[in-house]
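Novice: Sequence and predicted model, in that order:
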Amino acid sequence: GDVSEFTVSTLARARAEGLPVVFVTGRPPRWLPEIVEQTDHRTLAVSANGALILDLATEEVLVTRPLDPAVIDAVVDLLRAEVPAPTMQTRAGGGPTLARLLRERALWGASLGHFAANYGYYFIVSWLPFYLVKARGYSLETMSVLASTAYLANAGSAFFMGLLADRWVRGGASPTLVYKSIMGIGHAGAVLCMVGMMVCGETGSIVSLFAFEIIAGATYPGLFAIPQIIAGAEATGRWVGLQNAAGNVAGLIAPAITGYLVYATGRFDIAFGLVAALNVLGCIGWVWIMPSVTPIDWQQDGRKAHA
């Protein structure tokens, strides 16, 4: 709601005189930005009936004091005893701030891996037809068949690897082991495929192309399954948005860089080599920079919640 001019001026005088001011409200954090904008108060606030202490300057949750689940269950039982089919809702603190997300090492590792994966994807999508026709001498008809079949193999690989990953996890395998293995092996395999397309003859380069499409497709489920596991319901949208934005920077630069390299050298060798090098970085991002594929308990300052 609106804050009166009297209140705004009173807060301004208090700040000018060096008086500490803390907002205290029963409202949830999502209601506070409007008040902050009107009052320019950017220090501390107690919200959600005392459950949260916020730094309004950084939008960071400093302290959480949630209700004990046993207390919530007892209250729900009492309500159900008195009110037929009551409708109830709980809220878990609003999730992490953008600043909190950006401090997560796993986000940076996943973003680097996503960028590397997408660079290879956009490279192939934008330049494969030209490569097959101009560099390998295929007719347009043959090129369309080869390219379409390669893209189909890519899609099928993504589908079946998603099924297998779920099956392994349901069977008791660690999501960290499953997804780090898939992503690491996938990027390592992509490096070999790019080298194959650089140095092999016609048959070898086509085999390498199809192998790359299958290997790359196998990594696609992990691109989005990993952030959903790590970030959880409270932060998946923002996490995936940041990660995917970083990944799609590759869509802006891969076609242009490839075009420059091809027209400058008349060959695809350096372009393939660049994709191979970026896949090495992708492997580093997923396997080394990202610590583990386990949920983050955002209410416990980012400590992993191991079941």
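Specialist: Thanks, I have it.
Novice: which of the residues in the host helix or strand of residue 216 are buried?
Specialist: In the assignment (DSSP states H and E), residue 216 maps to helix 202-231. Buried residues in helix 202-231, counted by 16 or more other Cβ atoms under 10 Å: 205-206, 208-209, 211-227, 229-231. Where you see a C-beta, it was placed from the backbone N, CA and C, and this is true even at glycine.
Novice: Any chance of the backbone angles for residue 97?
Specialist: With angles defined as degrees, to the nearest 10, residue 97 sits at phi -80, psi 170.
Novice: Now the residue lying closest to it once chain neighbours are set aside, what are its backbone angles?
Specialist: Distances taken as Cβ to Cβ, 6 or more residues apart in numbering place residue 59 nearest to residue 97, at 4.2 Å, with adjacent residues excluded. Taking degrees, to the nearest 10, you get phi 60, psi 30 for the backbone angles of residue 59.
Novice: So that it lines up with my notes, have the first residue be 7 from now on.
Specialist: Yep, numbering from 7; the last one is residue 65 now.
Novice: ok, residue 65 to residue 269 distance?
Specialist: 47 Å (Cβ to Cβ, to the nearest Å).
Novice: higher neighbour count, the two?
Specialist: Neighbours per residue, other Cβ atoms under 10 Å: of residue 65 and residue 269, the larger number sits with residue 65, 18 against 8.
Novice: need the contact list for the more buried one.
Specialist: Contact analysis of residue 65 by Cβ atoms under 8 Å, 6 or more residues apart in numbering lists 103-105.
Novice: what do you get for residue 191?
Specialist: Contacts of residue 191 (Cβ under 8 Å, 6+ apart): residue 221.
Novice: that's a strand at it, yeah?
Specialist: No - assessed with DSSP: H, G, I helix; E, B strand; the rest coil, residue 191 is helix; it does not lie in a strand.
Novice: Look up how far residue 167 lies from it.
Specialist: From residue 191 to residue 167 the distance is 11 Å (Cβ to Cβ).
Novice: Which positions in stretch 138-148 come out as buried?
Specialist: Those would be 138-139, 141-142, 144, for stretch 138-148 by 16+ other Cβ under 10 Å.
Novice: same check, this time on stretch 282-291
Specialist: Those would be 282, 284-285, 287-291, for stretch 282-291 by 16+ other Cβ under 10 Å.
Novice: of these, closest to residue 109?
Specialist: residue 291 (16.7 Å; Cβ to Cβ).
Novice: My guess is that closest one contacts residue 112. True?
Specialist: No - with contacts counted by Cβ atoms under 8 Å, residue 291 stays clear of residue 112, the gap being 9.9 Å.
Novice: can you map out the helices along this structure?
Specialist: Using DSSP state H, the helices of the chain run over 11-22, 38-45, 75-88, 104-108, 111-136, 146-176, 181-205, 208-237, 242-271, 275-290.
Novice: Select, out of those helices, the one closest to residue 69.
Specialist: Using Cβ to Cβ, the helices of the chain put helix 104-108 closest to residue 69, at 13.9 Å.
Novice: Confidence-wise, which of the helices of the chain is weakest overall?
Specialist: Comparing mean pLDDT over the helices of the chain, the weakest stretch is helix 75-88, at a mean of 78.
Novice: now residue 290: how far from residue 267?
Specialist: 23 Å.
Novice: tell me, how many neighbours does residue 182 end up with?
Specialist: Other residues within reach of residue 182, judged by other Cβ under 10 Å, total 15.
Novice: got the contact list for it?
Specialist: Per Cβ under 8 Å, 6+ apart, neighbours of residue 182: 298-300.
Novice: Out of those residues, which comes closest to residue 172?
Specialist: Taking Cβ to Cβ as the measure, residue 172 sits nearest to residue 299 out of these, at 13.5 Å.
Novice: Can you report how many residues neighbour the closest one?
Specialist: Count around residue 299 with other Cβ under 10 Å applied: 24.
Novice: Ramachandran angles for it?
Specialist: According to degrees, to the nearest 10, residue 299 has phi -100, psi 70.
Novice: That one is in contact with residue 186, isn't it?
Specialist: Yes - look at residue 299 against residue 186 with Cβ under 8 Å: they come within range, at 6.8 Å.
Novice: ok, back up a step: what's the farthest-apart pair in the buried residues of stretch 138-148?
Specialist: 141 and 144 (9.3 Å).
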